[in-house]
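Colleague: got a predicted model here, sequence first, then my questions.
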Amino acid sequence: MKKILKFYIYSVLFILYLPILLLVFYSFTNAENIFILGDFSFDSYQKIFDKNFLIVIGNTLLIALCSGFLSVILGVFGSIGTFYSKEKTKKMMDFLTKIPIANAEIIIALSLTMFFVFLNHFFHFQCFSFYTLLIGHICLTLPYVYFLIKPKLEQMNKNLYDAATDLGCTPFNFVIKIIIPQIKYDIIFCFLLSMVLSFDDYIVTVFLSGPGLFSENQNIKTLSTFVQEKIKKGPIPCEVKSLTTIIIAIILISILIIKIIRKNKKISFQK
Amino acid sequence: MKKETKFEIKFLCIPYFLFFLFFIVIPIFFIFFYAFQDNSGHFSISNVLFFFQIDKIKILVNSLFFSFQTTIICLLISFPIAFFLAKQNNNNKYKNFIFLFIFPLTINFILRTTVLRDLLILFNVGGDKYPYFATLFGMVYNFFPFAILPLYTAVLKLDKSQIEVASDLGCNPRQVFFYNIIPQMLPSIVSATTMIFIPVMSSNVICDIFSEGKINLLGNYIYLSFSNSQWNVGSLLSIIFLFFIFLTTIFKTKFQKDKY
């Protein structure tokens, strides 16, 4: 029985990883199409430095960084503020935060689009731009930040606030100097998570993107929209394969580094 | 003397609240606003009448059924995995196995899906020949990792003494499973279901990639009506979709009365 289960799990993992492994494998060949064996080459890595593709990478990174940064600031402060307010406010905020999680992505995108078009109708500013895209991405990532920070605050010592204020700490200093250092690793995790979510997003980007950033007068293209545009006509572009390989390598290396740091810490604690 | 307003910690949540009010709550009202208008901007219920035709309702029923099917398959696939991994929790080899199932989610889903599509075409079961099977496969591939995590934590939290008591009182393993383990895990099963059910209905991208336009889910239909600038019809469809989201949320909260 155990052997069957093991075999089952490994086969599911195999299917799960097969597309990724194929992407990595074919990034080292000069084959245009997947499943056609080409020669070993680094051509696809040179294509990353194509100007159009660099624009796409720059857009994606900048949006991910900005939306991660903003949603962490909004979410962490929102979570802390909600934690120290009345029970009624807490319940209302929890309810509000649950809306975008339960909601489908396409409906968030559509409602925001209609909202911005309506605003444009009355106030006459540029309808879609980098900022609307940023707002859309923050809408997606913000609830996750809130719900990840909330349990950490609940775990903290509840007398901390009274102790700190008795000793003459102002509320603002309390937040900056006492709460945030305690949850700094969670904040970093939230930042990374919101970056990944913004990387992965397609629908919101399609609906809300306007001219701006590195694309200048054209609509902002991110990695998802770029790939989707290309695969309608043909195979996955080579430069995307190599970029994926690089991203995987970065993630693996950072996991390794974190593990090594943790091991060192454990040893130093034992001393 | 004028009283100075002091800074309090609870003021920190004001920007958060305002962001949600302006960019989540108010836009949803715009959907309602547009749904009951005709193309010239007057109030009308023509969209409602347009929706209640047999072929439109057929799309709704089809996508509900499709979503239901995907959810069941995802649960069936992830159930044994969650059980095995939770049981081997103390085993060093399998301790971090659960992360292996989450790691692929960090890579862009369009890329993974596209390679999978090419694979299916290579094995002659692609979207051009068996669109239904290919779409189902793609959806399950994309969404089953979301079911593993809640089920895994549920198995870890199982009350083992209850299971022992049940088997001591003469239940056979099948009865223990169906009358004790499943009811204990029900809240997590429900939350896993809602995590899959709604996204499957709305994911027009995955559906487009696999079925090559032969299968239309509710999400595709909303997307199409908006790209054909039929905003009012699209809004009405979104409202119907919102109604289903509302139903699943109620369903979910009913099963999760005791939080944490």
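Modeller: Perfect, thanks for sending it. Quantities reported herein were computed from a predicted structural model and do not represent experimental measurements. Numbers count the residues shown, from 1 in each chain, chains lettered A, B, ... in the order given.
Colleague: and the stretch 151-271 of chain A, which of its residues are near chain B?
Modeller: By the rule CB under 8 Å from any CB of the partner chain, the part of the stretch 151-271 of chain A lying against chain B is A:161, A:170-172, A:174-175, A:196, A:199-200, A:202-203, A:223-224, A:227-228, A:231, A:235-236, A:240, A:244, A:247-248, A:251. Backbone N, C-alpha and C define where each C-beta goes, glycine included.
Colleague: and the helices in the chain?
Modeller: Chain wasn't specified; assuming chain A. Per DSSP state H, chain A carries helices over the ranges A:2-26, A:43-46, A:51-83, A:87-102, A:105-123, A:130-155, A:160-166, A:171-173, A:180-182, A:184-200, A:203-208, A:223-233, A:238-270.
Colleague: should've been chain B
Modeller: For chain B, the helices defined by DSSP H cover B:13-20, B:26-35, B:46-51, B:54-87, B:97-102, B:109-122, B:131-157, B:160-168, B:173-176, B:182-202, B:204-211, B:218-227, B:231-255.
Colleague: out of those, flag the one nearest A:Ile255.
Modeller: Among those, the nearest to A:Ile255 by CB to CB is helix B:97-102 (8.9 Å).
Colleague: next, the buried residues of that closest one.
Modeller: Neighbour counts over helix B:97-102 (16 or more other CB atoms under 10 Å in any protein chain shown) mark B:Phe97, B:Ile98, B:Phe101 as buried.
Colleague: of the residues you listed, which are in range of chain A?
Modeller: B:Phe97, B:Phe101.
Colleague: export the buried residues of helix B:97-102 to JSON lines and tack on pLDDT?
Modeller: Listed next are the buried residues of helix B:97-102 as JSON lines, based on pLDDT from 0 to 100:
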{"residue": "B:Phe97", "pLDDT": "80"}
{"residue": "B:Ile98", "pLDDT": "81"}
{"residue": "B:Phe101", "pLDDT": "86"}
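Colleague: most tightly packed of the helices of chain B?
Modeller: helix B:204-211 (a mean of 24; mean count of other CB atoms under 10 Å in any protein chain shown).
Colleague: counting by contacts, list what it packs against.
Modeller: Using 3 or more CB pairs under 8 Å, 6 or more residues apart in numbering or on different chains; DSSP states H and E, the elements in contact with helix B:204-211 are helix B:109-122, helix B:131-157, helix B:218-227.
Colleague: what about the stretch 101-250 of chain A, any weak spots by pLDDT?
Modeller: A:125-126, A:213-217 (pLDDT under 70).
Colleague: I'd like to know which helix or strand in chain B has the lowest mean pLDDT.
Modeller: Within chain B, confidence by mean pLDDT, DSSP states H and E is lowest for helix B:46-51 among all helices and strands, at a mean of 73.
Colleague: quick check, that one touching chain A?
Modeller: No - judged by CB under 8 Å from any CB, helix B:46-51 makes no contact with chain A; its nearest approach is 14.6 Å.
Colleague: can you list the helices and strands that that helix packs against?
Modeller: helix B:231-255.
Colleague: pLDDT of the helix it packs on, averaged?
Modeller: Summarised as a single mean, pLDDT over helix B:231-255 is 84.
Colleague: go on, stretch B:106-120?
Modeller: Here stretch B:106-120 scores 85 as its mean pLDDT.
Colleague: what about that stretch, near chain A?
Modeller: Yes - residues of stretch B:106-120 contacting chain A under CB under 8 Å from any CB: B:Thr106, B:Ile107, B:Asn108, B:Phe109, B:Ile110, B:Leu111, B:Arg112, B:Thr114, B:Val115, B:Leu116, B:Asp118, B:Leu119.
Colleague: now the first one. Nearest residue, chain neighbours left out?
Modeller: If I follow you right, that is B:Thr106. The shortest distance from B:Thr106 to any non-neighbouring residue, by CB to CB, 6 or more residues apart in numbering or on different chains, is to A:Val196 (5.2 Å).
Colleague: tally of neighbours for A:Val206?
Modeller: 19 (other CB atoms under 10 Å in any protein chain shown).
Colleague: how near is whichever residue of the stretch 151-260 of chain B sits closest to chain A to A:Tyr8?
Modeller: Here the stretch 151-260 of chain B gets closest to chain A at one residue, B:Ser202, 3.6 Å apart by CB to the nearest CB. Going from B:Ser202 to A:Tyr8 by CB to CB, to the nearest Å gives 30 Å.
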